[in-house]
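>>> Got a predicted model here, sequence first, then my questions.
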Amino acid sequence: MGLLTIIKKQKIKDNEIRVLTLGLDNSGKTTIIKNILGEDTSTISPTMGFQINTFTHNGVTLNVWDIGGQTTIRSFWGNYFEKTNVVLWVVDTLSLERLKESYEELREKVILQDRLEGVYLIVLINKIDSVADRSSLGSIKNTVEKTLDLKAQIPQTDKWDVQLVSGKTGEGLDGVLDWITSREY
């Protein structure tokens, strides 16, 4: 292997971001990823274990790990933390009654983990296409932000963001990818 090949491979590696997609079961993690990939989202099965997808956005390669959110799988999330740059946490707009559970899982299994210190976090409030009163989206976003208590949990506000999205229609997903690829890793 020549020096130019080594340099080229390192350049490609430097331009790669590893994204770990987590959240409670049925929050829409797989639907979001399938929509980004342009795949059919009409029939989605629960993710048992994990799936890895790689694609490019803004000239940057994203290596996206989709990890199941069932209670029995959550204890294994830590097995996927190595080399993670971004945690994409998905919240289901239609299950806000599970927000406290989402907060506890996010805090205990992600934010407080030393191996994820310095990693970026983006929270996606998913399924906004199913909200009848679109004017309530701002209120929903405020509720999620307050419940997840990110300002207190992660004082560096440049390390996290909260965005409204629809995995089904794709609304807001380009903004998420732009945010991920614009960070400094």
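Nice, thanks for sending it over.
>>> Now do the contacts for I17.
By C-beta atoms under 8 Å, 6 or more residues apart in numbering, the contact list for I17 reads V60, T61, L62, N63, N85, V86, I180, T181, R183, Y185. All C-beta atoms are positioned from the backbone trio N, CA, C, and that covers glycine.
>>> From those, list the buried ones, please.
Buried residues within the contacts of I17, counting neighbours by 16 or more other C-beta atoms under 10 Å: V60, L62, N63, N85, V86, I180, T181.
>>> Report how many residues lie close to W160.
22 (other C-beta atoms under 10 Å).
>>> how close does it sit to G49?
W160 is 27 Å from G49, where distance means C-beta to C-beta, to the nearest Å.
>>> Likewise for T84?
Distance from T84 to G49, counting by C-beta to C-beta: 17 Å.
>>> Same question for V165.
As for V165, its distance to G49 is 24 Å (criterion: C-beta to C-beta).
>>> cool, S95 as well?
22 Å.
>>> Which one's more surrounded, those two?
Between S95 and G49, S95 has the larger neighbour count (other C-beta under 10 Å), namely 16 against 9.
>>> Could you look up the SS state of that one?
Recorded secondary structure, S95: helix (DSSP: H, G, I helix; E, B strand; the rest coil).
>>> what's near enough to touch it?
Counting by C-beta under 8 Å, 6+ apart, S95 makes contact with L24, N26, S27.
>>> now those residues as JSON lines including neighbour count?
Output for the contacts of S95, formatted as JSON lines (neighbours: other C-beta atoms under 10 Å):
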{"residue": "L24", "neighbour count": "21"}
{"residue": "N26", "neighbour count": "17"}
{"residue": "S27", "neighbour count": "26"}
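>>> that older thread, from the contacts of I17, which has minimum pLDDT?
Lowest pLDDT of these: Y185, 89.
>>> Test my guess that that one contacts N85.
Yes: using C-beta atoms under 8 Å, Y185 is in contact with N85, at 5.2 Å.
>>> of the contacts of I17, closest to T43?
L62 (24.1 Å; C-beta to C-beta).
>>> For the closest one, identify the helix or strand it belongs to.
Assigned by DSSP states H and E, L62 falls within strand 60-67.
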